[in-house]
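1. Need the 3D shape of this:
(one chain, ligands or ions: 2)
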Amino acid sequence: MAGIRFENVTKRFGDTLAVDNVTFEVVDNEFFCLFGPPLSGKSTILKLILGLEQPDSGEIHIDGHPVRHVEAADRDVAMVFQNLALFPHLTAADNVRFPLVERRIPVDRIEARVTDVAKKMHMTHILHKYPAQLSGGERQRVAIARALVRDPVAYLMDDPISALDARLREQTRVELRRIQREMNHTLVYVTHDQEEAMSISDRMAILENGRVRQIAAPEDLYDAPNSEYVAGMLGAPHINLLDAAHIGPGGIIAADESPPASARRAGLRPESVEVNRDPAGEARIQTVEPMGGTTIVTLLVRDTQVKAMLRGQPNFAVGEPVRLSAMPGRLHFFNDAGSALSGC
Ligand SMILES: Nc1ncnc2c1ncn2[C@@H]1O[C@H](COP(=O)(O)OP(=O)(O)O)[C@@H](O)[C@H]1O
Ligand SMILES: [Mg+2]
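-> Ligands and ions are numbered 1, 2, ... in the order given. Predicted coordinates for the structure are as follows:
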């Protein structure tokens, strides 16, 4: 398996800077996620790796070699596109076989490979069916299997499970993770779903307008975002972002630490907000949403809304006065430019 490296890669479409001076390295056998809002350049990055688009500047390396002059057909990267077009007149097995048949691989090797992939994908029982006889989730699995069967140098997946319902998505992402581990393949995976990105990837790149804002393991991005933008991209409910002046003794949120001098804004994740009953408290409970294992409480303090995610099902009443504080060491501070200040 092979690594993929982007060095200062830029790609324009007319006036649109789709990929803006992007540098990153996906290491061998890594599950690497590209995560960002629509139009942030995710699909274009995949097309550049595939060779369907050429960079205007910069260099792309696959398996240590520059691929500027390597045709798409010779790059040997397998892609799962968003719309999973299966051949309707072929069974699931024939759909999965297709890329190998097309490459004139010997029949016994094809069969061994199809059997192996079908077993790993838990889809042996549907191999004889036609696409019209399969559910949406099963069709998606067949399409993924068809990409996996080839044994290329790397796999690319563009939001491959977004069409599935929530439960199937959860199952499929666990399976994808397992399959990637078992097959030991480099995988570049695009998603716009933060939960999916966080649960599935070894490392992820967070994109904004064609630019990479931060690359790290999901838990590091979550705990140590380098900017307000990255902090806001991960976490549900959304991180609370407040004026830094409102943090500290006598502020909207009490805290042990006071903001650094250059701090303009402060971020505090809902699970790091402590809510205490206090008749003299300034905050009021606005809404209470029990989620089962957690409860999301929306609070109002001096016209500022704060969300807290509390464990279990505390019985706060709407309108009740409470006091808010930040769990120690959990505040993030950002300067005027939205960059994280060191030491937090
Ligand atoms: N073939 C194209 N022609 C013109 N503009 C394009 C083309 N492909 C992508 N773009 C533009 O490039 C930007 C990035 O698009 P894309 O890579 O598809 O983003 P994402 O996959 O993150 O939604 C967008 O502004 C999009 O409109
Ligand atoms: Mg896209």
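2. Mind jotting down where the strands sit in the stretch 51-200 of the chain?
-> 57-62, 65-66, 77-80, 154-158, 187-191 (DSSP state E, counting those that start in this stretch).
3. Distance to ligand 1, mean neighbour count and mean pLDDT for the ones you listed - can I get that in JSON lines?
-> Glycine gets a C-beta too; all of them are placed from N, C-alpha and C. Listed next are these as JSON lines, based on distance: least, Cβ to the nearest ligand atom, whole Å; neighbours: other Cβ atoms under 10 Å; pLDDT from 0 to 100:
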{"stretch": "strand 57-62", "distance to ligand 1": "15", "mean neighbour count": "17", "mean pLDDT": "97"}
{"stretch": "strand 65-66", "distance to ligand 1": "22", "mean neighbour count": "12", "mean pLDDT": "95"}
{"stretch": "strand 77-80", "distance to ligand 1": "13", "mean neighbour count": "21", "mean pLDDT": "84"}
{"stretch": "strand 154-158", "distance to ligand 1": "7", "mean neighbour count": "24", "mean pLDDT": "91"}
{"stretch": "strand 187-191", "distance to ligand 1": "7", "mean neighbour count": "25", "mean pLDDT": "94"}
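4. Could you dump the ones you listed into JSON lines and include distance to residue 200?
-> Formatted as JSON lines, the strands of the stretch 51-200 of the chain follow (distance: least, Cβ to Cβ, whole Å):
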{"stretch": "strand 57-62", "distance to residue 200": "22"}
{"stretch": "strand 65-66", "distance to residue 200": "28"}
{"stretch": "strand 77-80", "distance to residue 200": "14"}
{"stretch": "strand 154-158", "distance to residue 200": "10"}
{"stretch": "strand 187-191", "distance to residue 200": "7"}
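5. Of the ones you listed, which is nearest residue 270?
-> strand 187-191 (22.4 Å; Cβ to Cβ).
6. can you list contacts of that closest one?
-> Here strand 187-191 makes contact (Cβ atoms under 8 Å, 6 or more residues apart in numbering) with 4, 26, 30-35, 42-43, 45-46, 49, 154-160, 162, 176, 180, 197, 200-201.
7. Now list the buried members of these.
-> With neighbours counted by 16 or more other Cβ atoms under 10 Å, these contain buried members at 4, 26, 30-35, 42-43, 45-46, 49, 154-160, 176, 180, 197, 200-201.
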